[in-house]
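S.K.: Predicted model and sequence follow; I will ask about them next.
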Amino acid sequence: MPPVVGKVNDGADLPDQDYQSFTSEVSASWYFFSDTDSTIVKYFWCVGTSHNTTDCSVLEWLDTGLHTSFSRSLPTPLSGGTLWNKVYAVDAVGHASDVAVSDGVVIDTSPPETKDVAYLGDNLVKNPSFEVGDITGSTSSCNLVIPTPWEIDTASCIKVQAPDSPLAKDGHMFVSVSGSIQQTISGLEVGRQYKLTLHAGYPETVSNTHRSVDAIVTIGREVFSFTLDPNLCRGTCSVGDHSVVLWNKHTYRFTAVDTSLVLKISSSSRMMEFVLDHVSVQTVDYVAGQDSVDTEEHLVVHSVFLSHWSSLHASWHFEDLRCKVITRMTSIRNAKSLSTVAR
């Protein structure tokens, strides 16, 4: 009886490698070959560019003795593509096992590329700025009017705000939320990536003794959260003679798992209150250049500087078509001294 065929890993060590960056060396390891009638006396190993048991176009069959891992330098560097390692065993009486073939290793010699990201298409959120009919001032009663097509539950308190001064982030109105407000987002493409953006802040009427607000954002099975810190704006922020809402922009990305998903924005406690405006859901497409009317570069930086606090927000977009990006490193440096501020 011939030896029992085993398994082959790409790479000389465990675990099995799916990618390699070097082009002048091939390696493999194998295990689980066995022969109960006599004994295995040697292995043969080859490497090819086709997923079959016969192609050995990269490295011809090589007798490796009883070694169960092997590496070999190549006289001509590889230009890329996928390699498959193949091994069979031979026992003491000359019987050969079937050939075991690995699951392949991709030769990747190119680094990830920077990609601009374009947000294309219309905003899928209906009435994103909570506009209603002819309302002036701020409603003091809960749920007096609910902006269509937004919905609430009986435990929530929603107040439409239409101040005389231009406090809204977008349009003329916004809402204060204590509890939750939601809308069904339709027209999604399953498997497509989307950008969700909302603007939240403290109501201008909140006193200086207010506490932090924790909020939860859910869309489909995705759950996100954000926090409003009272130290960022103690109650009413003032600019000249006008009070303002310090709007905090929160951005999330999600992949659609259905054509319609419920977007729900809620405070973590009924005792917490925040204001909400300008909610959007847009498709995300990665492009090679700035050929869109609404395009961000691969590195986007936004900073806020006030007298009592400052913040720096950054996002970046990279793509590797051969293998997935597994590590990202960032650092912030002082432009004057070139010293590293954060890493």
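M.R.: Cool, the structure landed.
S.K.: CA only for contacts and neighbour counts going forward, please
M.R.: Will do.
S.K.: Which residue ranges make up each domain of this structure?
M.R.: Structural domains of the chain, as assigned by automatic domain parsing, span the residue ranges 7-109, 127-294.
S.K.: Out of those domains, which is closest to residue 121?
M.R.: With respect to residue 121, and counting by C-alpha to C-alpha, the nearest of these is domain 127-294 at 6.5 Å.
S.K.: With mean neighbour count, mean pLDDT and distance to residue 1 added, can I get the domains of the chain in a markdown table?
M.R.: Formatted as a markdown table, the entries for the domains of the chain read as follows, by neighbours: other C-alpha atoms under 10 Å; pLDDT from 0 to 100; distance: least, C-alpha to C-alpha, whole Å:
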| stretch | mean neighbour count | mean pLDDT | distance to residue 1 |
| --- | --- | --- | --- |
| domain 7-109 | 18 | 93 | 7 |
| domain 127-294 | 17 | 81 | 50 |
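S.K.: Please convert the ones you listed to CSV, extending it with distance to residue 121.
M.R.: Written out in CSV, the entries for the domains of the chain read as follows (distance: least, C-alpha to C-alpha, whole Å):
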stretch, distance to residue 121
domain 7-109, 34
domain 127-294, 6
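S.K.: Next, give phi and psi for residue 65.
M.R.: Geometry field for residue 65 lists phi and psi as phi 70, psi -130, criterion degrees, to the nearest 10.
S.K.: Which strands and helices lie in contact with the lengthiest strand in the chain?
M.R.: Using DSSP state E, we find that the single longest strand of the chain is strand 274-287. Other helices and strands packing on strand 274-287, by 3 or more C-alpha pairs under 8 Å, 6 or more residues apart in numbering; DSSP states H and E, are strand 116-120, strand 174-178, strand 193-201.
S.K.: Run the chain-centre distance for it.
M.R.: Offset of strand 274-287 from its chain centre (C-alpha atoms, centre = their mean, to the nearest Å): 15 Å.
S.K.: Also stretch 9-26?
M.R.: On the basis of C-alpha atoms, centre = their mean, stretch 9-26 sits 27 Å off its chain's mean C-alpha point.
S.K.: Do me a favour and get the end-to-end distance for it?
M.R.: 12 Å (C-alpha to C-alpha, to the nearest Å).
S.K.: Give me the contacts around it.
M.R.: The contact list for stretch 9-26, computed with C-alpha atoms under 8 Å, 6 or more residues apart in numbering, reads 27-30, 47, 69-80, 84-85, 102-109, 323.
S.K.: can I get the helices and strands packed on strand 274-287 in CSV with distance to residue 262?
M.R.: As requested, the helices and strands packed on strand 274-287 are arranged in CSV below (distance: least, C-alpha to C-alpha, whole Å):
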stretch, distance to residue 262
strand 116-120, 21
strand 174-178, 17
strand 193-201, 12
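S.K.: between these, which one is nearest to residue 265?
M.R.: Each of those was checked against residue 265 via C-alpha to C-alpha, and the shortest separation belongs to strand 174-178, namely 8.7 Å.
S.K.: can you give me the helices in the chain?
M.R.: Ranges of helices within the chain: none, based on DSSP state H.
S.K.: Geometrically speaking, which residue is the centre of it?
M.R.: residue 253 (6.7 Å; C-alpha atoms, centre = their mean).
S.K.: Of the helices and strands packed on strand 274-287, which is nearest residue 267?
M.R.: With C-alpha to C-alpha as the yardstick, what comes closest out of the helices and strands packed on strand 274-287 is strand 174-178 (6.1 Å).
S.K.: now the closest one against strand 193-201, angle please.
M.R.: Strand 174-178 runs at 80 degrees relative to strand 193-201, counting by axes from the mean of the first three to the mean of the last three C-alpha atoms, to 10 degrees.
S.K.: partner strands of strand 174-178, parallel or antiparallel?
M.R.: Strand 174-178 has these partner strands in its sheet, going by DSSP bridges: strand 157-162 (antiparallel), strand 274-287 (antiparallel).
S.K.: Mind listing residues that contact the longest one?
M.R.: The list of residues contacting strand 274-287 from outside it, by C-alpha under 8 Å, 6+ apart, reads 115-125, 128-130, 168-170, 173-178, 192-203, 213, 267.
S.K.: What distance do you get for the nearest residue to residue 260 once chain neighbours are set aside to residue 71?
M.R.: Closest residue in space to residue 260, ignoring its immediate chain neighbours: residue 186 at 4.4 Å, by C-alpha to C-alpha, 6 or more residues apart in numbering. The gap separating residue 186 from residue 71 is 54 Å, by C-alpha to C-alpha.
S.K.: Leaving out the residues flanking it, which one is nearest to residue 91?
M.R.: Going by C-alpha to C-alpha, 6+ apart, residue 91 has residue 40 as its nearest residue, at 4.0 Å.
S.K.: how about the strands in the stretch 51-200 of the chain?
M.R.: Taking DSSP state E, counting those that start in this stretch as the criterion, the stretch 51-200 of the chain carries its strands at 59-65, 69-73, 81-91, 100-101, 105-107, 113-114, 116-120, 137-138, 157-162, 174-178, 180-185, 193-201.
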